[in-house]
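> Fold the following.
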Amino acid sequence: MKTAFTFLLTIAFSITLMAGQGPTNANAAAAPSAELSGMVIDKLSGEALGGVEISIDGTDQQYYTDFDGKFEIKDLKPGMYNLIISYISYEKSLIEKIEVSPDKKGELNIRLISTK
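Sure thing, here's the model as predicted:
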């Protein structure tokens, strides 16, 4: 009897938890999102820089360039962003007021200056 009561209590608790996890409005349209992509290169040599960190200022979101120096940031809310670009042995860069919108894909090419 005690086992059956525990089992029923567990099921009731699980159903209660799952009931609150659904969407609040099933007919609500998904908010439009924007993208920002580009490439990071060495300013003097033009060489692509892989592994460069690109951070969105004011958040803990970090992205990295691939082996070819390319990056892609998806699912951004439309608006203005400041990016912080950092890489070992290069000057840290701040790129301010980059506007992204869902109707056009933002393309950004960044040139870093070596500190060597």
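> quick one: low-confidence parts of this structure?
For the chain, the stretches flagged by pLDDT under 70 are 1-30.
> Can you show me the strands along it?
Along the chain, counting by DSSP state E, strands occupy 34-42, 53-56, 62-64, 70-76, 79-86, 93-100, 106-112.
> buried stuff in the longest one?
Along strand 34-42, these residues count as buried under the neighbour rule (16 or more other Cβ atoms under 10 Å): Ala34, Glu35, Leu36, Gly38, Met39, Val40, Ile41, Asp42. Glycine gets a C-beta too; all of them are placed from N, C-alpha and C.
> which residues pair with the nearest residue to Leu108 once chain neighbours are set aside across the strands?
Nearest residue to Leu108, sequence neighbours excluded (Cβ to Cβ, 6 or more residues apart in numbering): Gly38, at 3.6 Å. When bridges are called by DSSP bridges, Gly38 pairs up with Phe71, Leu108.
> you'd agree Gly38 is up against Ile110?
Yes: if you go by Cβ atoms under 8 Å, Gly38 and Ile110 touch, sitting 6.4 Å apart.
> And the nearest residue to Leu76 once chain neighbours are set aside, how close does it get to Gln61?
Spatial nearest neighbour of Leu76, chain neighbours left out: Ala34 (4.6 Å); criterion: Cβ to Cβ, 6+ apart. Separation of Ala34 from Gln61 (Cβ to Cβ, to the nearest Å) stands at 14 Å.
> I'd like to know how far the residue nearest to Leu108 sits from Glu47.
To Glu47, Gly38 is 16 Å away according to Cβ to Cβ.
> ok, now Glu99?
Here the criterion is Cβ to Cβ. By it, Glu99 lies 29 Å from Glu47.
> cool, and Leu112?
From Leu112 to Glu47 the distance is 10 Å (Cβ to Cβ).
> Quick check: neighbours shared by the two?
Ile41 (Cβ atoms under 8 Å, 6 or more residues apart in numbering).
> the more surrounded of the two?
Leu112 (21 against 10; other Cβ atoms under 10 Å).
> give the contact list for the closest residue to the more buried one other than its chain neighbours.
Spatially, and ignoring its direct neighbours in sequence, Leu112 is nearest to Tyr90 (4.3 Å; Cβ to Cβ, 6+ apart). Neighbour list for Tyr90: Asp42, Leu49, Val52, Leu112, Ile113, Ser114, Thr115 [criterion: Cβ under 8 Å, 6+ apart].
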